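[1] curious how this folds, go ahead:
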Amino acid sequence: MIITAGCTLGHYSLIEKIGEGGMGVIWKARDLKLDRDVAVKFLPDRISQDPTRQALFEREAKAVAALHHPNIITIFSVENVDETVFFTMELVTGNPLSEFIVPGGVSEEIFFKIALQLVNAVGAAHERGIIHRDLKPQNIMVDQSENIRILDFGLARFLEPGSTTIPAEEMETATVEPAFFGTVCYASPEQLRNEVVDHRADLFSLGIILFELATGKHPFEGKSVADVMASILKDEPLSALIINPALPSRLDAILRHCLEKDRRHRISSSLNLKEELQQIQQEEPLPAVSDVPSVAVLPFVDLSREKDQGYFCEGMAEEIINALTKIHGLRVTSRTSSFLFKDQPVEPKEIGRRLRVENLLEGSVRKAGNRLRITAQLIDPQRGFQLWSESFDREMMDIFEIQDEIAESIAGALKITLSPQEKGALLQTPTQFVQAYDYYLRGRSFYTRYGKMDIEFALQLFARATEIDPGYALAYAGLADCWSYVFLYAERKDSIRRQAERAGRRAIELAPDSAQAQASYALAMSISGRTKEAELGFEEAIRLDPELFEAWYFYARHAFVSGQLEKAAGFYGEAMRVRPDDFQSPLLVGQIFEDLGSEEEATANRRRGVALVADHLELHPDDARALYMGANGLVALGEIDKGLEWARQARKIEPDEPMLLYNLGCIYSLAGEPEEALDCLERAVELGLTQKGWYENDSNLDPLRDLPRFKALMQKLG
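    Have a look, this model is predicted:
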């Protein structure tokens with residue numbers, strides 16, 4: 001029968017076609033008997049012409065019709081008129097959920113309102129033994145009050161006749177489809193592999209939908225549908241927190257739990273998912289209901305002619321953050337979250353929304369000789385109001401006074417009364433000597449590049465800072481870090497190790513409550529083999545500041561060298577949480593997961609690390625460390641040619657850097673080039689990289705262990 005507007009089937013008069021998909025065509029129609037508008041769905045020929053499948057569909061349609069849930073569309077009847085099979089359902093008005101998915105994600109309030117309705121509806125279906133199998137934003141209608149209705153149960157599967165609960169194990173009554181039906185971008189891995197499915201397939205699809213709602217992005221990337229399918233099967237999902245730092249931290253973990261590829265590890269039920277979401281709501285209320293004012297300090301912009309004050313701009317913002325955190329009546333966003341927006345073309349309103357803060361501090365620095373021009377303004381990003389602004393034309397020696405004035409002005413603008421103790425805390429400075437402070441900031445900037453020459457520059461700058469101010473604890477911590485690096489990767493001499501110990505001990509003597517000082521001291525203890533003292537130091541640093549990247553990162557490296565792989569993986573995970581834009585941790589933990597037998601975790605982290613390296617190289621194409629670490633990840637992922645090309649580029653930049661040579665040895669070992677690998681490793685040892693723990697525990701070198709040259713190298717290491 002030809003379906004056209006105006007034709008009548010039984011007592012239904014068709015008005016207009018309102019939808020079309022793989023499981024049929026939907027028309028708006030008038031029910032002439034009951035005098036109401038309904039939706040009529042005509043089934044595809046492959047179903048309507050197959051008596052067995054038609055009977056199965058009718059049984060499942062009846063089960064869905066019996067749900068009677070406010071968030072699930074109501075099915076009225078299954079009809080067969082003149083050998084044309086169709087079913088009728090209520091006509092739902094509103095907009096598909098796909099129109100609510102916006103860059104950066106919806107507000108937290110809307111997210112939870114929609115998410116909990118979805119979970120309730122899916123859970124109700126699962127309790128009746130029904131799985132949807134085609135959950136996607138286009139199948140979810142949202143009205144003006146953000147109330148939702150799940151549509152189109154055309155692919156629903158009734159798992160067990162007569163069952164009132166979903167079985168925990170695979171259902172023998174479930175069948176494998178002859179070909180995959182559904183929308184691949186929202187399908188579970190078992191659906192894409194055309195395997196038997198249970199209720200956990202819906203939970204995977206639900207995880208994708210909630211991820212998109214929270215971030216505005218699909219968790220599995222690809223330029224084509226085939227790429228997305230491959231990513232769902234092979235890759236770990238993106239981090240929701242990297243895309244939207246304003247999300248509650250636990251939500252990222254919950255979404256990952258929904259998106260586990262192995263359904264045995266996936267969140268077990270809609271009820272569990274509902275409970276998890278409700279706990280987040282209770283633990284992390286929306287800013288709108290909080291009486292505590294909030295602020296995020298963005299990195300200051302470098303307006304100097306030479307554009308060489310980036311280190312100073314970041315240091316300026318970081319010091320203001322540190323000062324503001326001493327004010328008890330103020331919620332301050334962490335450095336990691338605020339600095340994610342550095343050099344990003346994001347509107348202040350969007351930054352405020354994503355960081356969940358009511359106020360933003362932004363500013364700029366122009367430096368010429370010893371003169372500074374600093375401008376700062378506090379704004380209400382949602383309303384576009386400027387709450388306070390000031391310009392400071394001062395000498396460099398006034399920098400700490402300027403930072404204090406900015407912090408106090410913010411408190412005043414937000415009507416926060418400072419206690420005498422808080423006023424005193426704001427007056428505390430890391431050093432009274434501005435030149436020492438400048439040297440320290442420069443030193444940290446060089447140190448984080450991890451190149452041999454960079455470390456030498458950093459050593460000189462930290463040393464100058466301590467000469468100017470012998471009581472500058474953070475400068476001693478910087479010295480300890482540099483000497484530890486030299487001992488590990490350049491000159492394995494007792495005199496170097498002792499210098500690291502002395503500097504680290506001096507740092508904690510001067511500032512025992514400094515997390516940075518404790519972490520630097522712990523690293524010095526680690527290279528000296530004083531395991532217990534090192535671990536106590538790292539744990540104290542983490543207690544003092546759980547957001548300190550260096551504490552987690554170097555604790556992870558300490559655990560790896562000690563052979564504590566599971567601990568190392570956990571610590572690297574925390575390092576990634578604290579600094580999600582860092583490429584080192586995911587690449588290093590990828591190898592650990594491989595050693596632990598978690599291939600999917602290894603692949604996911606390596607892909608994440610390589611992607612971060614690629615982004616980093618766009619801004620810093622001559623970063624040898626990024627190149628060789630990314631090369632290792634690429635080779636481990638099977639992209640050998642590209643990996644070796646990155647490795648060759650790195651060697652051109654720093655041909656005799658021992659850490660680079662060691663990593664090249666690992667890369668060539670993985671790539672199946674043992675002679676080239678051993679050439680690099682032997683040269684690394686000659687240049688001073690003689691930490692035996694790496695050679696002993698690094699699985700990248702396993703292909704070399706039975707070779708005479710490698711055995712000789714190990715004997716040389718002692």
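[2] when you work out contacts or count neighbours from here on, use the C-alpha atoms and nothing else.
    OK.
[3] what sits up against stretch 302-316?
    299-301, 364-368, 403, 438, 441-442, 445 (Cα atoms under 8 Å, 6 or more residues apart in numbering).
[4] would you list the buried entries among those residues?
    For these, a burial check counting by 16 or more other Cα atoms under 10 Å picks out P299, F300, V301, S364, V365, R366, K367, Q403, D438, L441, R442, S445.
[5] please name every helix or strand in contact with the helix or strand hosting L523.
    Assigned by DSSP states H and E, L523 belongs to helix 515-527. Using 3 or more Cα pairs under 8 Å, 6 or more residues apart in numbering; DSSP states H and E, the elements in contact with helix 515-527 are helix 473-489, helix 494-510, helix 531-544, helix 549-561.
[6] so which of those helices comes closest to E260?
    helix 549-561 (24.7 Å; Cα to Cα).
[7] so E682 touches L713, yeah?
    Yes - taking Cα atoms under 8 Å as the definition, E682 is a contact partner of L713 at 7.0 Å.
[8] more crowded one of these two?
    Per other Cα atoms under 10 Å, whichever of E682 and L713 has more neighbours is E682, with 21 against 15.
[9] chain center to the strand or helix carrying the more buried one: distance?
    For E682, the host element (DSSP H and E) is helix 674-686. Relative to the centre of its chain, helix 674-686 is centred 36 Å away, using Cα atoms, centre = their mean, to the nearest Å.
[10] what does it rub up against?
    For helix 674-686, contacts defined as Cα under 8 Å, 6+ apart pick out 657-659, 661-662, 664-669, 690, 703-704, 709-710, 713.
[11] out of the buried ones among the contacts of stretch 302-316, list just those in helices.
    Residues of these located in helices (DSSP state H): Q403, D438, L441, R442, S445.
[12] got the contact list for L704?
    Residues in contact with L704 (Cα under 8 Å, 6+ apart) are S669, P674, F710.
[13] hmm, 10 Å instead?
    For L704, the contact set (Cα atoms under 10 Å, 6 or more residues apart in numbering) comprises G665, C666, S669, L670, G672, E673, P674, E675, A677, L678, F710, K711.
[14] TSV for these, including neighbour count, pLDDT and distance to E58?
    Output for the contacts of L704, formatted as TSV (neighbours: other Cα atoms under 10 Å; pLDDT from 0 to 100; distance: Cα to Cα, whole Å):
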residue	neighbour count	pLDDT	distance to E58
G665	28	94	64
C666	28	93	60
S669	22	94	60
L670	22	92	56
G672	13	94	58
E673	15	94	62
P674	21	94	64
E675	15	94	67
A677	24	93	65
L678	24	94	68
F710	20	92	69
K711	13	92	71
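[15] quick one: which of these is nearest to L32?
    When these are ranked by distance to L32 (Cα to Cα), L670 comes first, at 72.2 Å.
[16] look at the closest residue in space to that closest one that isn't next to it in sequence and give its secondary structure.
    Nearest non-adjacent residue to L670, counting by Cα to Cα, 6 or more residues apart in numbering: N700, 6.1 Å away. N700 falls in the helix class when you classify it by DSSP: H, G, I helix; E, B strand; the rest coil.
[17] and N700, how many neighbours does it have?
    Applying other Cα under 10 Å, I find that N700 has 20 neighbouring residues.
[18] contacting residues for it?
    Residues near N700 by Cα under 10 Å, 6+ apart: Q591, D595, N632, A636, N663, G665, C666, I667, Y668, S669, L670, A671.
[19] okay, the residues you listed in JSON lines with distance to I527 next?
    Formatted as JSON lines, those follow (distance: Cα to Cα, whole Å):
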{"residue": "Q591", "distance to I527": "22"}
{"residue": "D595", "distance to I527": "23"}
{"residue": "N632", "distance to I527": "25"}
{"residue": "A636", "distance to I527": "28"}
{"residue": "N663", "distance to I527": "19"}
{"residue": "G665", "distance to I527": "22"}
{"residue": "C666", "distance to I527": "22"}
{"residue": "I667", "distance to I527": "25"}
{"residue": "Y668", "distance to I527": "27"}
{"residue": "S669", "distance to I527": "26"}
{"residue": "L670", "distance to I527": "27"}
{"residue": "A671", "distance to I527": "30"}
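[20] how about those residues in a markdown table, adding distance to Q432 and secondary structure?
    Below are these laid out as a markdown table (distance: Cα to Cα, whole Å; DSSP: H, G, I helix; E, B strand; the rest coil):
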| residue | distance to Q432 | secondary structure |
| --- | --- | --- |
| Q591 | 45 | helix |
| D595 | 49 | helix |
| N632 | 44 | helix |
| A636 | 49 | helix |
| N663 | 42 | helix |
| G665 | 46 | helix |
| C666 | 46 | helix |
| I667 | 47 | helix |
| Y668 | 50 | helix |
| S669 | 51 | helix |
| L670 | 51 | helix |
| A671 | 53 | coil |
